[in-house]
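>>> mind looking at a prediction? Sequence and model below.
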Amino acid sequence: MFSKIKLGMEDWRKLESDLERIAAGQPLEIVINVTLVSSSDEAGEEEEEEHHHHHAHHLDENEFTREVAKMIDYVAQEYNAHVHPHIHSNHGSVMFSVKGSPKELTKVLRDVIEFVKLNCEKCILHSLDGEFHLGEDLSGIYFGDAYKITVILPAEDGRRLKVHELHL
C-alpha cells in the first residue's frame, strides 16, 4: 500500500517538474473548473422545472449549496483565488483561477479535490477540468474526476505532447 502512495506522489513531482520547465521561473495560472452534484435528490425536479420553464430561478439554500459555499470560501481565502460559481440547488460548477509557482498550483489542485472528498457530505465531485496558463498563453490542459486526473503538456522538444496520469 505504501508503495502505491509513494508512486502517486512521484507522479505529482514529475508534473511539478514539467510545469517548472514550462514556467521558466515565471508564475503560472491554473484555471480549475469543478462540476458538483448533490448526493441527495431532495432539491431535484422542482428547481429544474422552475429553471427551464421560467428562465429564472431562485436558489434555495440547502445542505448542498452551503457545502459548496464553504468550499468556495476556503479556496478563495486560502489561495487568493478568483471565483466564478454557477450553482443550482442540486448541481453546478465553480471555476477557480489562481496564480503561483508550479508547486503552489499542484497543491491547489490536490487541495480542492481533497476538500470536496473530506468536507462535503451532500456534494459529490462529478468531474473537473482546466488549464495552465503562462501569461496569455495556454501551457497545458487537464481533466478528470475525484480518482484520476490526466494532464497534457508540451514535451521538451516542443513538437510532442506529454501525458501525466495522476491518481488521488
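Sure thing, it's come through.
>>> for this protein, give me the ranges with low pLDDT.
Filtered on pLDDT under 70, the chain yields the residue ranges 1-7, 41-60.
>>> pull the longest helix from this structure.
Scanning the chain for the helix with the most residues, using DSSP state H, yields helix 2-23.
>>> starting at the chain centroid, how far to that one?
Chain-centre distance of helix 2-23: 18 Å, with CA atoms, centre = their mean, to the nearest Å.
>>> what do you get for stretch 13-24?
Distance of stretch 13-24 from its chain centroid, counting by CA atoms, centre = their mean, is 19 Å.
>>> tell me the buried residues in it?
Neighbour counts over stretch 13-24 (16 or more other CB atoms under 10 Å) mark Leu15, Glu16, Asp18, Leu19, Ile22, Ala23 as buried. From N, CA and C alone the C-beta is placed, and that goes for glycine too.
>>> of the residues you listed, which pair is most distant in space?
Spatial extent of these (CB to CB) is set by the pair Leu15 and Ala23 at 12.2 Å.
>>> ok, the following helix or strand past the longest helix of the chain: who's next to it in the sheet?
As assigned by DSSP states H and E, the chain's next helix or strand after helix 2-23 is strand 28-38. Here strand 28-38 is paired, per DSSP bridges, with strand 91-100 (antiparallel), strand 123-134 (antiparallel).
>>> can you give me the angle the shortest one makes with helix 2-23?
If you take axes from the mean of the first three to the mean of the last three CA atoms, to 10 degrees, strand 91-100 sits at 60 degrees to helix 2-23.
>>> so how far is strand 91-100 off the chain centroid?
Distance of strand 91-100 from the chain centroid (CA atoms, centre = their mean) equals 6 Å.
>>> return it as PDB; C-alpha atoms alone will do.
Provided in PDB are the C-alpha atoms of strand 91-100 (Å, rounded to 0.1, in the frame of the first residue of the first chain):
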ATOM      1  CA  HIS A  91     -25.800  20.700  -9.100                       C
ATOM      2  CA  GLY A  92     -23.500  23.300 -10.500                       C
ATOM      3  CA  SER A  93     -19.900  24.300 -11.300                       C
ATOM      4  CA  VAL A  94     -17.400  26.500  -9.800                       C
ATOM      5  CA  MET A  95     -14.400  28.000 -11.700                       C
ATOM      6  CA  PHE A  96     -11.300  29.000  -9.700                       C
ATOM      7  CA  SER A  97      -8.300  30.900 -11.000                       C
ATOM      8  CA  VAL A  98      -5.100  31.000  -9.000                       C
ATOM      9  CA  LYS A  99      -1.600  32.400  -9.900                       C
ATOM     10  CA  GLY A 100       1.600  31.000  -8.400                       C
END
